[in-house]
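Enquirer: This is the structure alone, sequence omitted:
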């Protein structure tokens, strides 16, 4: 984890006085109450939808409690997130259909997200996902992680975890067991079934490793001059971590004469905005250099200079938030020499934030095709705001709304391939035949969504002979699409959906 030095948050003379009073009585209570107050005051000043937050005495931030301090702060930010109603939907801007009442964008971090963004993880290095109710698979594995070293691959079926063979997704207790075993335990024992019907049993521990967000890349020669580059980009880690890996993949594409590109963002929940900008600069056609990529927009407090907290924390002034400010108008700067006029993005409901920014930025500049499911829907971003004198918690909550050069944004409901202004093909009419094919590893040309994109390159149509995966599911209890998404929501609660802008703390 990158170590960042944070300054104390000074809210007001009255707040300092209350701090002294609380500190004399109970230091722990003082600190958590100040964190609650900090969330309230920062949200009331900088949150995109600040105008829906009641006065301090009405909202009463110190009334929010939880089994831990972290839970109490999370409950407070969740309450704030549900206040502003989107007139287009009649629901909160932060409404999440799979988990109503919970914040879709805002969250409090205990340091885990910040470390992961910097490219430092200390876990097993893999994620699970259900193909069917009683068929749990390896979703992906980070290169160099403990899971990778142990031999795990995407598509392997997990048949036993720590001796437990009942892993059915129809049981909440089973889901809790799996989540605890994979995300909150220091060691794990698993038995897995490989595609060749052999089994392996592995034992490994959590360990620190550097995240490589490029899970794989390769080139397909489809004949008739069609040379297709394919890259799986799984996380928008900070630019210093991600750029060398992206450059390696794109230089490989350039050296192999790639003239079409498929970028697989199916599980990419976002991260650093600067990395999304760099990926756009790698993809955009040469002629788009020095043209507008996107614009950042802020609330009226920031625009009018009514932001003493933010200004004190980051050293900003009113001028920093104007849409005409060069820092809020990102310009394309073509990187490397990949020459393409069309790009395919493989997407799912887990594709969010920086991933959506990447795609939206390119739409006015080239042919952008989406293949997969409707994306998460997050046209807003945030700055990391540390709470307390030691920065033990960090607030992430939308302060920025983004639009591309054609003033396109507003994708709160996500981007649906082949719908409205979005080109492409939605591949989830039958999730077991035509959606995310967990029986195949990344880069397998017969994997459903990759096959659709390759078909379009060759034939100009997304129609394919659907792979026969139903035989693998004989005797298994199938989820509906909505059930599968709801299950994965439970299993992915620890994962962030973020579009994080970088400002140095003063």
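Expert: Nice, thanks for sending it over. Everything numeric here is computed off the predicted structure, so don't read it as measured data.

Enquirer: does residue 267 sit in a helix or strand, and which one?
Expert: Using DSSP states H and E, residue 267 maps to neither a helix nor a strand.

Enquirer: Over to residue 54?
Expert: Using DSSP H and E, residue 54 falls outside every helix and strand.

Enquirer: Neighbours of it, how many?
Expert: 12 (other CB atoms under 10 Å). Just so you know, the C-beta spots here come from the backbone N, C-alpha and C atoms, and that holds for glycine as well.

Enquirer: Then residue 162?
Expert: Around residue 162 there are 14 residues (other CB under 10 Å).

Enquirer: got a list of what the nearest residue in space to it that is not next to it in sequence touches?
Expert: Once flanking residues are discounted, residue 162 sits nearest to residue 189: 5.2 Å by CB to CB, 6 or more residues apart in numbering. Each residue near residue 189 by CB atoms under 8 Å, 6 or more residues apart in numbering is listed here: 160, 161, 162, 163, 201, 202, 203.

Enquirer: ok, now which ones touch the closest residue to residue 353 other than its chain neighbours?
Expert: Spatially, and ignoring its direct neighbours in sequence, residue 353 is nearest to residue 270 (2.8 Å; CB to CB, 6+ apart). When contacts are counted by CB under 8 Å, 6+ apart, residue 270 is found next to 236, 276, 352-357, 378, 496-500.

Enquirer: Please name the bridge partners of residue 270.
Expert: Beta-bridge partners for residue 270, by DSSP bridges, are residue 498.

Enquirer: re the thing from before, and the contacts of residue 270, which is closest to residue 113?
Expert: residue 496 (4.8 Å; CB to CB).

Enquirer: so residue 179 is in which element?
Expert: helix 172-183.

Enquirer: Remind me what that helix packs against, helices and strands.
Expert: strand 126-132, strand 157-161, helix 481-491 (3 or more CB pairs under 8 Å, 6 or more residues apart in numbering; DSSP states H and E).

Enquirer: and the angle for the next helix or strand after it with helix 172-183?
Expert: Per DSSP H and E, the first helix or strand lying C-terminal to helix 172-183 is strand 187-193. Angle of strand 187-193 versus helix 172-183, following axes from the mean of the first three to the mean of the last three CA atoms, to 10 degrees, is 110 degrees.

Enquirer: what sits against the nearest residue to residue 306 once chain neighbours are set aside?
Expert: Of all residues not flanking residue 306 in the chain, residue 45 sits nearest, at 7.3 Å (CB to CB, 6+ apart). Contacts were defined as CB under 8 Å, 6+ apart; by that measure residue 45 touches 301, 306, 307, 308, 309, 310.

Enquirer: and the spatially closest residue to residue 494 that is not a sequence neighbour, how far is that from residue 125?
Expert: Leaving out its chain neighbours, the residue that sits closest to residue 494 by CB to CB, 6+ apart is residue 183, at 5.5 Å. Counting by CB to CB, to the nearest Å, the gap from residue 183 to residue 125 is 12 Å.

Enquirer: what's the answer for residue 403, then?
Expert: Relative to residue 125, and taking CB to CB, residue 403 is found at 36 Å.

Enquirer: How about residue 368?
Expert: From residue 368 to residue 125 the distance is 31 Å (CB to CB).

Enquirer: Just the element for residue 79, please.
Expert: Here residue 79 is assigned to helix 69-81, by DSSP H and E.

Enquirer: same question, residue 96
Expert: Per DSSP H and E, there is no helix or strand for residue 96.

Enquirer: Pull the contacting residues for it.
Expert: 102, 103, 104.

Enquirer: what's the answer for residue 491, then?
Expert: 128, 129, 175, 178, 179.
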